[in-house]
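**Student:** Here is my input; please provide its structure:
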Amino acid sequence: MNRIARKGERIAMDMRKLDVFCKIVELKSFTRTAEAVLLSQPTVSEHIRSLEEELGYKLFDRLGREVEPTPVGLILYDYGKKILRLQHEALQAVEHYGGRLIGRIKIGSGTIPGTYILPELIGRFRSRYSSIKATLRIAGSRLIAREVLAGELEIGVVGARWNENGLQWQKVFGDELVLIVHAGHPWAGRKEVDLDEVIAEPFILRERASGTRKVIEQILEEHGIKPSDLKEVAEIGSTSAVKQAVRAGLGISILSGRSVEQDVLCGALVTVPIAGIRQMHRPFFLIQRKNRALSPVANVFLKYILQEAGLESI
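**Tutor:** This is a model prediction of the structure:
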């Protein structure tokens with residue numbers, strides 16, 4: 001028992017080894033990890049050898065050029081990420097107590113808010129707090145929500161809402177979805193088109209995890225159109241790629257008005273109103289995990305977002 005306790009003490013005190021171990025799990029490579037943490041590869045290997053010796057278990061299996069964590073490695077990774085996060089939050093709290101606000105915010109976002117809203121907000125926020133750094137992860141709304149729930153991200157901004165009891169949701173910003181066609185399309189000069197025409201035209205969809213797609217499906221269903229009624233020709237995983245496909249004449253699509261603004265101004269794409277649908281408003285939601293205290297830096301950034309959105313609290 002004492003031997004196990006002594007091992008635990010040594011591992012808990014050596015945060016650098018734990019950080020290197022977690023980075024290897026994420027990058028699946030000793031070489032890439034050495035580059036990322038600015039250490040030599042022999043030093044990285046020695047950190048892992050030392051951890052394995054202290055624990056008495058093998059932590060990685062080599063699969064070709066990549067490595068994968070063993071079952072024990074996965075257990076250590078799960079707890080290691082929590083320990084490193086708590087260490088980070090503790091250091092922030094101490095600095096905040098001393099009147100300084102330093103650290104890194106880990107923010108997750110859907111494609112549209114992550115591309116067209118958050119970069120500008122983060123820039124203005126850093127003009128006030130220049131010692132704060134930000135990591136902005138852009139992915140599908142559901143993936144961001146899962147990572148907020150898992151504690152990998154502190155807050156997220158996503159483009160759809162669903163039943164998820166572990167999260168708090170707050171509307172913060174908004175966008176209008178628009179039907180887009182390429183400049184040479186027969187609809188380019190029309191004042192509006194009917195929904196029946198839309199579902200008969202080749203249509204390009206975002207991927208299933210996309211908040212944009214979820215909102216489009218909700219709007220169509222409100223008007224008696226099932227998603228399966230669309231004449232789908234492609235499912236594409238990014239807004240930029242959908243715009244390129246529309247410009248190439250592959251089909252039409254419905255996208256964020258923010259995302260196509262420059263394309264419309266330069267004449268590459270044309271927006272066409274849909275008869276019977278006055279507007280296709282899409283809210284963006286600020287999310288955080290229920291009953292989890294944010295780090296001092298994340299808490300200040302969250303208040304800043306709410307202030308920018310004209311709100312008071314989540």
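
**Student:** CA only for contacts and neighbour counts going forward, please
**Tutor:** Fine.

**Student:** Mind giving me the packing neighbours of the longest helix seen in the chain?
**Tutor:** Determined from DSSP state H, the single longest helix within the chain is helix 71-97. Applying 3 or more CA pairs under 8 Å, 6 or more residues apart in numbering; DSSP states H and E, one finds that helix 71-97 contacts helix 15-27, helix 296-308.

**Student:** the inter-axis angle of the last one versus helix 71-97?
**Tutor:** With axes from the mean of the first three to the mean of the last three CA atoms, to 10 degrees defining the directions, helix 296-308 sits at 70 degrees from helix 71-97.

**Student:** And the first one, by the same measure?
**Tutor:** Between the axes of helix 15-27 and helix 71-97, defined by the same axes, to 10 degrees, the angle is 120 degrees.

**Student:** Contact partners for residue 287?
**Tutor:** By CA atoms under 8 Å, 6 or more residues apart in numbering, the residues touching residue 287 are 145, 148, 155, 156, 157, 158, 167, 168, 169, 170.

**Student:** now the helix or strand where it lies against helix 296-308, angle please.
**Tutor:** Using DSSP states H and E, residue 287 maps to strand 281-289. Angle of strand 281-289 versus helix 296-308, following the same axes, to 10 degrees, is 160 degrees.

**Student:** to the chain's geometric centre, what's the distance from strand 281-289?
**Tutor:** Put simply, strand 281-289 sits 12 Å off its chain's centre (CA atoms, centre = their mean, to the nearest Å).

**Student:** What is the neighbour count of residue 30?
**Tutor:** As a burial measure, residue 30 scores 24 neighbours (other CA atoms under 10 Å).

**Student:** Quick check: it vs residue 60, distance?
**Tutor:** With the distance defined as CA to CA, to the nearest Å, residue 30 ends up 11 Å from residue 60.

**Student:** Over to residue 148?
**Tutor:** 27 Å.

**Student:** check contacts around the spatially closest residue to residue 247 that is not a sequence neighbour.
**Tutor:** The shortest distance from residue 247 to any non-neighbouring residue, by CA to CA, 6 or more residues apart in numbering, is to residue 182 (4.9 Å). Residue 182 makes contacts with 188, 246, 247, 248, 249, 252, 268, 269, 270, as judged by CA under 8 Å, 6+ apart.

**Student:** among these, which are in helices?
**Tutor:** Among those, the members found in helices (DSSP H) are 246, 247.

**Student:** Quick one: the strands in this structure, in order.
**Tutor:** Along the chain, counting by DSSP state E, strands occupy 60-63, 66-69, 103-109, 132-138, 155-158, 167-182, 202-206, 231-236, 253-256, 269-271, 281-289.

**Student:** neighbouring strands for the longest one, and are they parallel or not?
**Tutor:** Based on DSSP bridges, the pairing partners of strand 167-182 within the sheet are strand 253-256 (antiparallel), strand 269-271 (antiparallel), strand 281-289 (antiparallel).
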